[in-house]
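[1] Provided below are the primary sequence and the corresponding predicted coordinates.
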Amino acid sequence: MQVIKKRFLLLSCLLGMTANAEVIPVYQINEAPGTYVQTTLTHDIYRYSADTQLNDLVVTDAQGNKLPYRITAPSTQVNEQSQLADARFFPVAVGAPPEALIALSSASIRLDANEISVSVEKTTNDKLQDQSAPVDFYVVDVSDLKTRIDKLVVDWQVTETSQYLEVQVSGTNDLTTWSNIAQTTLVQLQKEGQLLTRNKISVNLSEKQYAYLRLKFTRGNENLQLSKIQIENTDKVANASEVDRWEVKGTLAEDQDSALRAGNHTAAMPVAAWEFARDDIAPVANISLNLGTIMYGDNIKVFSRNTEKQPWQLLHQGIWFNTQVGSEWQQSDAINIYSNSDIYWRVELNELVRTTLNPSLVFHRQPQTLQFIANNAAPYKIAIDDQAAPNSQQTSTQIFSQLVSGKELQLGQVAFTELNPNIDSFARHGMQVSWKTLLFWGILLLAVAVLVGVAVRLMGQMKI
């Protein structure tokens, strides 16, 4: 019985060894700037992964412990950009007649032999700018403005009586009927070298909503002198991450008849066809064609398939151009092919360019961000686990989310070092069944044979 126990113990150890997953490091991060770390993943990681969702990706520390991580889309930073434009404005004296406002602009009509021309000329009316009379209000001319108006920026010469202003803003298109827009307070205060300024009025007007604006100061207008009025528009600009872009060279296809009619009993359609094979399975969002400095403007068909035995699937059929405009080369917009991970590609163009073109297929996708929780056990490795569970990334993401719940993450951006492992060591590039799987089943069969032999031997001893 002791012999049998020893044999069972040996077999258990062998089976345990074969059941361990093989983790192959791909990148290494030597140091972490903090507890929460992030780095950028490009299409290169998909050269090693066997899963288009990266479920076989793991992050380990120096002892080989797996760390919680999640993969997210790259963050988009939104910045505000403001543009200022000077505006023409006129002080209107108290008691100025309504017709004086119309003199802000005057029209002239000229009749020629066969032509009628109308011109509008902006003028400065002396009645509006009578320095001896107190100012009633200011008129801002925005009739020529071709953009919206978010804010008015008002600058004035500060005196003791004009540090604090109350202003009403209204608008009109005919200089007769005014509509209220806003009412606010403007401030310029100084004390012991410190300055408090509030000189912007939010109006939020659409393009051409009003031709003229009126600023009437109800407080602080004694001897008020405006020096400048500007129009401010603020836009939010998203700074997206740089697109992950890579090219694959193609070879002239053996079959120069269109794959569109393959398998149909119809006449062959001669084309110029190139085939491409990439070494990754990254889901791509767009593709384009690099034709260099050779002009083209004709039909294009794009096909793809995941294995060489599958039939070609048509992804796009349309027009592609590559032409020189001045000193620059321009081409068609990239073709949208939602999240395609196929390895094999085929491009068909007009058959007349078969001997003149040597195109490259360009793949486009957004890079991904890998975030993980460091544990002060550097270096950290980003690796591929051949035996990872199908939903391992979802599990890791849930753990990561629970650990950071309610915390303000200060993610430190780091770069990694490529370890350049042997590509044939990974399951996708090696045998369909890994050598560990074969070894496992071989040892299992051997164990069964040994057990059968032991059982037969015991039965023989019992008969004796």
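    Ah, there it is. This is a predicted model, so every value here is computed, not measured.
[2] switch to C-alpha atoms for all contacts and neighbour counts from now on
    Noted.
[3] mind showing which ranges of the stretch 251-400 of the chain have poor pLDDT?
    262-266 (pLDDT under 70).
[4] at 50 instead, please
    Nowhere does the stretch 251-400 of the chain drop to pLDDT under 50.
[5] Could you pull out the helices in it for me?
    Assigned by DSSP state H, counting those that start in this stretch, the helices in the stretch 251-400 of the chain fall at 392-404.
[6] Which residue ranges of it form strands?
    Assigned by DSSP state E, counting those that start in this stretch, the strands in the stretch 251-400 of the chain fall at 251-252, 272-277, 284-290, 296-305, 313-325, 328-331, 335-340, 344-349, 360-365, 368-373, 380-385.
[7] One more: the stretch 101-250 of the chain?
    Going by DSSP E, counting those that start in this stretch, the stretch 101-250 of the chain shows strands at 105-111, 116-122, 135-141, 149-156, 164-172, 179-191, 194-198, 200-205, 212-219, 226-239, 244-249.
[8] Residue 30 is nearest to which of these?
    Proximity to residue 30 (Cα to Cα) singles out strand 244-249 among the strands of the stretch 101-250 of the chain, at 24.2 Å.
[9] Sheet partners, orientation included, of the closest one?
    Sheet pairing of strand 244-249 (DSSP bridges) gives strand 360-365 (antiparallel).
[10] Outside of the strand it pairs with itself, which residues are in contact with it?
    If you take Cα atoms under 8 Å, 6 or more residues apart in numbering as the criterion, strand 360-365 is touched by 243-250, 276, 283-291.
[11] can you give me the angle it makes with strand 284-290?
    Interaxial angle, strand 360-365 versus strand 284-290 (axes from the mean of the first three to the mean of the last three Cα atoms, to 10 degrees): 150 degrees.
[12] would you list the strands of the stretch 251-400 of the chain in TSV and tack on distance to residue 398?
    TSV is the format used below for these (distance: least, Cα to Cα, whole Å):
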stretch	distance to residue 398
strand 251-252	45
strand 272-277	36
strand 284-290	26
strand 296-305	34
strand 313-325	35
strand 328-331	44
strand 335-340	24
strand 344-349	35
strand 360-365	25
strand 368-373	12
strand 380-385	19
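[13] Now render the ones you listed as TSV, adding mean neighbour count and distance to residue 58.
    Formatted as TSV, the strands of the stretch 251-400 of the chain follow (neighbours: other Cα atoms under 10 Å; distance: least, Cα to Cα, whole Å):
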stretch	mean neighbour count	distance to residue 58
strand 251-252	16	36
strand 272-277	22	27
strand 284-290	19	22
strand 296-305	18	28
strand 313-325	15	33
strand 328-331	13	40
strand 335-340	15	23
strand 344-349	23	28
strand 360-365	21	22
strand 368-373	20	10
strand 380-385	24	5
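[14] So residue 187 is in contact with residue 199, correct?
    Yes: counting by Cα atoms under 8 Å, residue 199 is a contact partner of residue 187 at 6.4 Å.
[15] Which among the strands of the stretch 251-400 of the chain is found nearest to residue 59?
    Nearest to residue 59, of all those, is strand 380-385, at 4.7 Å by Cα to Cα.
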